[in-house]
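# predicted structure and sequence below. I'll ask about it afterward.
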Amino acid sequence: MYDIVVVGAGTAGLTAALYALRAGKKVAVLEGNAFGGQIAFSPRVENFPTIKEISGSAFSDKLLDQVMFQGADVDMGEVLEIRRLPDKTFAAVTEYGETIAKSVILATGVKHRHLNIPAERRLQGKGVCYCAVCDGAFYKDKKMAVLGDGNSALQYALYLSNLAPEVHLLTLTDKLMGDIYLQQRIFANDKIIWHKNVNLVDMQGESELRAVVLEHEGKTEVLEVDALFIAIGQVPDNKRFANVATLDAQGYFASGEDCTTVTPGVFVAGDCRTKTIRQLTTAAGDGAVAAMGAVNWLDRQI
């Protein structure tokens, strides 16, 4: 019997485990894919307080080591559902069995929507990126491209235009779907070159991205770029937990800054919940809030 089971071992989940452990709780952490979450795939992290520079994988490893040093039981296992038991405890059900706990913190994160073309995976972190704020500075003064037509893509293009001599904005249609004020800023920015009605079908480069291959009106065009930022949306994976936490229209956990849910004893943390800013620091903040919420809730049950 654990006091808290944390579902997800990204920055939010591991920070939640750390705070709960330091409050004297017995904690299990379950992760279905890779420890560290999305940040583990970032070549360098330079925007986390007190750390000048660190690779995403090293950051994740240090956080995992810290949590395990504090005494967490960490295990691999995709949590398929959370079941409420008759004694009001919870079972986190994986393909391997069940982990029983008095409280649950869901830190399932999100996944960037991918193009699912073969070269994308090979060049990920080698010119193919998903976060301009995280990785844009590494390609300063180089040619960049942004794929997408929504708010994130437009914000990426504007942000990168401060770093690059030119930014190519690639959209599948001839319309931008972002906010009007963002569109106006795009149109007024001479560094941003808008490629309309293009379909990105391939990428070139072996160890580093060299170019993207576009289809336009039946013709193929090769556009040389050093970095491609894919901003075609993020995908939460929360439906399996809808029995214990309400989802919003996009599938994120409908929870505010207190990280609570409709189920007493169940909390959420990180990118998986409804929020406006999804960054490493906000994930860590959510983890602390959710953990202390769970700790206080458990203490009230005594």
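Cool, the structure landed.
# residue ranges for the strands of the stretch 101-250 of the chain, please.
Secondary structure of the stretch 101-250 of the chain by DSSP state E, counting those that start in this stretch: the strands cover 110-112, 128-129, 144-147, 167-170, 192-195, 199-204, 211-216, 219-224, 227-230, 234-236.
# compare these and give me the one nearest R22.
With Cβ to Cβ as the measure, strand 110-112 is the member of those nearest R22 (27.0 Å). All C-beta atoms are positioned from the backbone trio N, CA, C, and that covers glycine.
# okay, now the sheet partners of that closest one, with direction.
strand 234-236 (antiparallel) (DSSP bridges).
# now the partner strand: average pLDDT?
Averaged over strand 234-236, pLDDT sits at 88.
# list the buried residues of that strand.
234, 236 (16 or more other Cβ atoms under 10 Å).
# what does that strand contact?
108, 110-113, 250-253, 271-272, 278 (Cβ atoms under 8 Å, 6 or more residues apart in numbering).
# most neighbours per residue, which of the strands of the stretch 101-250 of the chain?
Burial of the strands of the stretch 101-250 of the chain is given as mean neighbour count (mean count of other Cβ atoms under 10 Å); strand 144-147 ranks first at a mean of 27.
# which residues are in contact with it?
Contacts of strand 144-147 (Cβ under 8 Å, 6+ apart): 115, 132, 136, 153, 156-157, 160, 163-164, 166-170, 200, 212, 223, 225-232.
# how far is it from where the chain is centred?
19 Å (Cα atoms, centre = their mean, to the nearest Å).
# convert the C-alpha atoms of that strand to CSV, please.
C-alpha atoms of strand 144-147 as CSV (Å, rounded to 0.1, in the frame of the first residue of the first chain):
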residue,chain,number,x,y,z
MET,A,144,14.8,28.1,-40.1
ALA,A,145,11.3,26.9,-41.0
VAL,A,146,8.1,26.5,-39.0
LEU,A,147,5.4,24.1,-40.0
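# for that strand, the averaged confidence score.
Strand 144-147 comes out at a mean pLDDT of 98.
# partner strands of that strand, parallel or antiparallel?
Here, using DSSP bridges, strand 144-147 pairs with strand 167-170 (parallel), strand 227-230 (parallel).
# dump the strands of the stretch 101-250 of the chain to JSON lines, plus distance to K88.
As requested, the strands of the stretch 101-250 of the chain are arranged in JSON lines below (distance: least, Cβ to Cβ, whole Å):
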{"stretch": "strand 110-112", "distance to K88": "30"}
{"stretch": "strand 128-129", "distance to K88": "45"}
{"stretch": "strand 144-147", "distance to K88": "47"}
{"stretch": "strand 167-170", "distance to K88": "52"}
{"stretch": "strand 192-195", "distance to K88": "55"}
{"stretch": "strand 199-204", "distance to K88": "51"}
{"stretch": "strand 211-216", "distance to K88": "54"}
{"stretch": "strand 219-224", "distance to K88": "58"}
{"stretch": "strand 227-230", "distance to K88": "44"}
{"stretch": "strand 234-236", "distance to K88": "27"}
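# that older thread, top of the contacts of strand 234-236 by neighbour count?
Neighbour counts for those (other Cβ atoms under 10 Å) peak at C272, which has 30 neighbours.
# just the pLDDT for that residue.
97.
# list the contacts of it.
8, 12, 106-110, 236, 238, 252-253.
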